[in-house]
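S.K.: Let me see the structure of the following:
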Amino acid sequence: MVDKSESVANDSRADQPLNYFSYNTEIEDAFIRRRGKHLHLCPLDWAMMDVWKERGIPLHVVLRGIEHWFDSYESRKPKRPVNTLLYCQEEVEAQYAEWLESRVGSHEEAPDESENDAKTPFPRAVVLAHLARSREELMKLADARRQTGADEFCEALTRATALLEELEYDYAAAVQPDARRLEDSLTGVERMLSDALRATVSTNQLDEVRDEVKAQLRPYRAYMDASAYEQTMGNLVLKRLRDQFGVPRLSLFYL
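M.R.: Predicted coordinates:
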């Protein structure tokens, strides 16, 4: 017997285009980025990704599960390395269960926008407009970047555009839209863009930005411990780079 929520989710996905690059490749990339060191996934990892895909678990749900698992893992300051995607399986399943629950009833009756908006910090229409605007800005950046030669950052922009399209579709179709889960997904997309941006800039360009930020922080350096200083430095450098490259902020806090 098919679970009602999963049946509804399968029906709703039938109308949704597969708009992302490669399901397995995106998952592999997210896992390796969060792990911090390159790793060849084992056959069991690839088999699990195939199962997720066959079951129709949306890409953004899997990515959010990976991000959540690593956030929790890193908060414990572990010493043992993560060598398999299997560690993330339970969190992915938990995220999928929550996603299915948010979809139940989406094809049975039209959602009451006013009632659902009251349960979220932002009106659905405002969130959807933000996602559409951000997606269009990223698409323009990718197109412009492609004119001068595709690189890692151009690819990341294209992938981010596809992920935002999926998130936009999903948020619009949810009976009970969850801004917190959406914010988690947007944080993951921003992390991907930031990593690609750092990898793209030249050493000279990065040194120039760091020198500017150091000068900006010099009056406050004596009042900051080493960890706070490095974190602030990293945040300001990344902000300067985003401004230089015209990368929009995706977080809902920038609505």
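S.K.: and Pro177, what pLDDT?
M.R.: Pro177 carries a pLDDT score of 86 in this model.
S.K.: can you pull the buried residues of the helix or strand where Asn204 lies?
M.R.: Secondary structure from DSSP states H and E places Asn204 in helix 203-217. Within helix 203-217, the residues scored as buried using 16 or more other C-beta atoms under 10 Å are 209, 213. Heads up, the C-betas are built off the backbone N, CA and C, glycines and all.
S.K.: Could you list the residues in contact with that helix?
M.R.: Helix 203-217 is contacted by residues 198, 201, 224, 229, 232-233, 236-237, 240-241, 244 when judged by C-beta atoms under 8 Å, 6 or more residues apart in numbering.
S.K.: Distance from it to the middle of the chain?
M.R.: Counting by C-alpha atoms, centre = their mean, to the nearest Å, helix 203-217 is centred 27 Å from the centre of its parent chain.
S.K.: and the next element down the chain from it?
M.R.: helix 226-245.
S.K.: avg pLDDT for that following helix?
M.R.: Averaged over helix 226-245, pLDDT sits at 90.
S.K.: quick one: it to helix 203-217, angle?
M.R.: Note on geometry: by axes from the mean of the first three to the mean of the last three C-alpha atoms, to 10 degrees, helix 226-245 and helix 203-217 are set 120 degrees apart in direction.
S.K.: Name the surrounding residues that touch helix 226-245.
M.R.: Contacts for helix 226-245 (C-beta under 8 Å, 6+ apart): 141, 153, 194, 197-198, 201, 206, 209-210, 212-214, 216-217, 221, 224, 247, 249.
S.K.: Please point out which parts of it sit buried.
M.R.: 229, 232-233, 236-238, 240-242.
S.K.: of all those, which comes closest to Leu41?
M.R.: Leu238 (28.3 Å; C-beta to C-beta).
S.K.: measure that closest one to Asp211 for me?
M.R.: 15 Å (C-beta to C-beta, to the nearest Å).
S.K.: Next: Pro177.
M.R.: For Pro177, the distance to Asp211 equals 44 Å [C-beta to C-beta].
S.K.: cool, and Glu137?
M.R.: Using C-beta to C-beta, one gets 29 Å for the distance from Glu137 to Asp211.
S.K.: got it, and Leu131?
M.R.: 36 Å.
S.K.: go on, Ser185?
M.R.: Distance of Ser185 to Asp211, computed by C-beta to C-beta: 35 Å.
S.K.: And Arg249, by the same measure?
M.R.: Relative to Asp211, and taking C-beta to C-beta, Arg249 is found at 24 Å.
S.K.: And for Trp69?
M.R.: Distance, Trp69 to Asp211, by C-beta to C-beta: 37 Å.
S.K.: What would stretch 128-137 look like as PDB? C-alpha coordinates only.
M.R.: The C-alpha coordinates for stretch 128-137 follow below in PDB (Å, rounded to 0.1, in the frame of the first residue of the first chain):
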ATOM      1  CA  LEU A 128       8.500  33.800  -4.200                       C
ATOM      2  CA  ALA A 129       9.300  37.200  -5.600                       C
ATOM      3  CA  HIS A 130      12.700  37.200  -3.800                       C
ATOM      4  CA  LEU A 131      13.500  33.700  -5.200                       C
ATOM      5  CA  ALA A 132      12.500  34.700  -8.700                       C
ATOM      6  CA  ARG A 133      14.500  38.000  -8.500                       C
ATOM      7  CA  SER A 134      17.600  36.200  -7.200                       C
ATOM      8  CA  ARG A 135      17.300  33.500  -9.800                       C
ATOM      9  CA  GLU A 136      17.200  36.000 -12.600                       C
ATOM     10  CA  GLU A 137      20.200  37.900 -11.200                       C
END
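S.K.: Okay, buried residues for it please.
M.R.: 128, 130-131, 134-135, 137.
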